[in-house]
Structure formats: C-alpha cells, structure tokens
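> Need a 3D model of the sequence below.
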Amino acid sequence: MAKRSIGWSIGLSVLIIIAGILAILVPPAAGIAATILIGWLLIFSGLMHIVLSWHMRGVGGLLWQFLLGVIYGATGVYMLAHPLSGLQALTLALGAYLFLEAILEFLLAIQMRRIPGRAWLIVDGLVTLVLAVLVWKTWPWNSPWVIGTLVGVSLIFSGMTRLMLSMAARRVVAAAV
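This is a model prediction of the structure:
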C-alpha cells in the first residue's frame, strides 16, 4: 500500500513540475488561470462571510461580516468577468506586498544588529525591494507575465520538494522491507 501511494506521489510531483514549466512557457495563460482561481476563492470567501454574518450576535458584527462578504463576492465576480483587469490588480497588489516585505526585512535587520547572519536579511530586503520596484515600474504592461511566471516557479519548487520527499519515503519503505 505504501509503495503504491509513493508511486502516485512521485507521478503527481512530475505533473506539478510539468505544470510549472508550462506556466513559465505561457505565463499569460497561467496568470489568467491564477486570476480565475482567486476570483472563485473570493466568491467562496464572500459567501462564507455572509453565512457567518447571520450567526453574529450584535448588529455591528452582523453588518461588518455581511459587508465584507459582499465586497469579497463582488471582487470575485469582477475578477471572473474581467480577468485581465483582475490580473493587473493582482500584479499591483504583488508589488505592494513585495515593497512591504522589503521594509519589514530591513526593520528586522536593524533590530538584529548584533546577531550573526543579519546580512542575509539585508540582502533579502534588497532583492525584494528590487523586485517590487521592477513590478511597479513595468506595471500594467508586465501583468500578463509576472503572475504566471511566479506561479510557474512556485509550482516547479513545490513539485521538486514533493518529488524529493517522495523519493526519500521510497528509500525508507525499501529499507524497512
């Protein structure tokens, strides 16, 4: 049973790696797919907030959860109806996220002045800041390829990690038999 599960895991790992390579080769398609997925997730999240609102005790909580649900749902519907605009918004949000992450890395490096290895935080912050600036400077023209490429890179690393863990599990099972 374990050998069969590991075999399926290895096969899935290879498919994830192939999907990552395809996403990098055709980033606009991967970006649109990511936008559609996020749109559906926002709709689902909006519905959950609306359902939660009916279980709130106070009027403030009910109203807040209901409004959040409507905003999430409307954003998701908009992203599904206008995936290119949604992709541009995701790219802009990614740039903002990277910028904030860079600032936090620098602040952490300042706080860790006496700790060895803090230079890595500074390097990480600089790389992240450069990425944020690149995303912002080329926005909105970069939207079709930024999200798709990042999804592809993430899929490749996830697939490789899963593959390595599956191979290690296969060696453990083989040694136990």
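> So which other helices or strands are in contact with the longest helix anywhere in the chain?
As assigned by DSSP state H, the longest helix anywhere in the chain is helix 143-176. Here helix 143-176 touches helix 2-25, helix 27-53, helix 83-111, going by 3 or more CB pairs under 8 Å, 6 or more residues apart in numbering; DSSP states H and E. Every C-beta, even on glycine, is put in place using the N, C-alpha and C of the backbone.
> list the contacts for the residue most central in space within the chain?
Nearest to the mean C-alpha position of the chain, by CA atoms, centre = their mean, lies Val151 at 7.3 Å. Neighbouring residues of Val151 by CB atoms under 8 Å, 6 or more residues apart in numbering: 20, 23, 30-31, 33-34.
> can you rerun that using 10 Å?
Applying CB atoms under 10 Å, 6 or more residues apart in numbering to Val151 gives the contacts 19-20, 23-24, 27, 30-31, 33-34, 37.
> Can you tell me which of the residues you listed has the most neighbours?
Gly31 (28 neighbours; other CB atoms under 10 Å).
> Point out the one among the helices and strands packed on helix 143-176 that comes closest to Ser158.
helix 2-25 (5.9 Å; CB to CB).
> tell me the average confidence for the closest one?
Mean pLDDT, computed over helix 2-25, is 92.
> now stretch 144-163
pLDDT averaged over stretch 144-163 gives 91.
> returning to what we had before: list the buried residues of the longest helix of the chain.
Buried residues in helix 143-176, counting neighbours by 16 or more other CB atoms under 10 Å, are found at 143-152, 155-156, 159, 162-163, 166, 169-170.
> Let's see the host helix or strand of Gly61 as PDB, backbone CA atoms only.
Per DSSP states H and E: Gly61 is located in helix 59-81. Provided in PDB are the C-alpha atoms of helix 59-81 (Å, rounded to 0.1, in the frame of the first residue of the first chain):
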ATOM      1  CA  VAL A  59     -25.700  44.300  14.800                       C
ATOM      2  CA  GLY A  60     -22.200  45.600  14.300                       C
ATOM      3  CA  GLY A  61     -20.700  42.200  13.800                       C
ATOM      4  CA  LEU A  62     -23.600  41.100  11.500                       C
ATOM      5  CA  LEU A  63     -23.200  44.300   9.400                       C
ATOM      6  CA  TRP A  64     -19.400  44.100   9.300                       C
ATOM      7  CA  GLN A  65     -19.400  40.400   8.200                       C
ATOM      8  CA  PHE A  66     -22.200  40.900   5.700                       C
ATOM      9  CA  LEU A  67     -20.400  43.900   4.100                       C
ATOM     10  CA  LEU A  68     -17.100  42.000   4.000                       C
ATOM     11  CA  GLY A  69     -18.900  39.100   2.300                       C
ATOM     12  CA  VAL A  70     -20.500  41.400  -0.300                       C
ATOM     13  CA  ILE A  71     -17.100  43.100  -1.000                       C
ATOM     14  CA  TYR A  72     -15.300  39.800  -1.300                       C
ATOM     15  CA  GLY A  73     -18.000  38.300  -3.500                       C
ATOM     16  CA  ALA A  74     -18.300  41.400  -5.800                       C
ATOM     17  CA  THR A  75     -14.500  41.500  -6.200                       C
ATOM     18  CA  GLY A  76     -14.500  37.800  -7.100                       C
ATOM     19  CA  VAL A  77     -17.300  38.300  -9.600                       C
ATOM     20  CA  TYR A  78     -15.500  41.200 -11.100                       C
ATOM     21  CA  MET A  79     -12.300  39.200 -11.400                       C
ATOM     22  CA  LEU A  80     -14.100  36.400 -13.200                       C
ATOM     23  CA  ALA A  81     -15.900  38.900 -15.500                       C
END
